[in-house]
Each structure stands twice: as C-alpha cells, then as structure tokens.
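Chemist: Compute the structure for the input listed below.
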Amino acid sequence: MNWGDFLIIMGVCIATMLASRVLPVFLLKGRELPGRLSEALGYIPPAAFAALVANDLFSAPLLAGDLWPTAIGWIAAVPVVIVAVKFRSLLWCTVTGVLIYGLLLVLFP
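Modeler: Next up is the predicted model:
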C-alpha cells in the first residue's frame, strides 16, 4: 500500500468517526428526546462500567495465574458494590474502586 492509498483510507476513517460523533449533536441540538429514548441512553454509562469491571474480574489469564491478583479485584469490588447501593453514583463507585484497589496493591504487593 502506498502513501496515497493510506491517506485516502485514513481520511475516510476520520470523516466517518467525526460524522458519527458530531452530526448527532448538531442534528439534535435544541430538541427534546422522547422519554423512553432518554431513559435508555441513561443506562449506557452503568452498562459500560459493569462491562469493564466484569472483564477485569473474569479475565482468563488472571484466573489461570496466581490467586492474589484475582483476589485483589474481588476484594476491591465488595466496597464498590456497597457504595453503589448506598449512593447510586458512578463517580463514587469509580473513586472507591480505584482507591481500594490501589491501597491493596500498596499494602500487599
């Protein structure tokens, strides 16, 4: 592949990504979304967060290796669940998980 082909492919990719991210913002500006759509869009951040956490907790190489790295994630997940039930805030869940996980890595290397 020469540079001309590469630049054409790169330009098409950039235009597609830009259009898919920017056009909806401009097309929906000032409009009220239907209630059900708005509710459905509200589930995206918690679902993405849960998918990332589940991917880390159930990682096959991690489960096949030493028990302690796997246990750190599961131990850190317990306070996160408690914070999620009590505060229902994605921000506080993230902060709690990072702090507990970091603390466990520092205290028990």
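Chemist: where does this structure dip in pLDDT?
Modeler: 62 (pLDDT under 70).
Chemist: can you list the domains in it?
Modeler: 1-31, 43-107 (automatic domain parsing).
Chemist: Show me which positions of stretch 95-107 end up buried.
Modeler: Thr96, Gly97, Ile100, Tyr101, Leu104 (16 or more other Cβ atoms under 10 Å). Every residue, glycine included, has its C-beta placed from N, CA and C.
Chemist: Kindly compare burial across the domains of the chain and name the winner.
Modeler: Burial of the domains of the chain is given as mean neighbour count (mean count of other Cβ atoms under 10 Å); domain 43-107 ranks first at a mean of 13.
Chemist: from the chain's centre, how far out does that domain sit?
Modeler: With Cα atoms, centre = their mean, to the nearest Å as the basis, domain 43-107 stands 12 Å off its chain's centre.
Chemist: Same check on stretch 32-51?
Modeler: 14 Å.
Chemist: and that stretch, how far apart are its ends?
Modeler: 29 Å (Cα to Cα, to the nearest Å).
Chemist: How about stretch 29-41?
Modeler: 16 Å.
Chemist: picking up where we left off before, take the buried residues of stretch 95-107 and lay them out in a markdown table including secondary structure.
Modeler: Formatted as a markdown table, the buried residues of stretch 95-107 follow (DSSP: H, G, I helix; E, B strand; the rest coil):
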| residue | secondary structure |
| --- | --- |
| Thr96 | helix |
| Gly97 | helix |
| Ile100 | helix |
| Tyr101 | helix |
| Leu104 | helix |
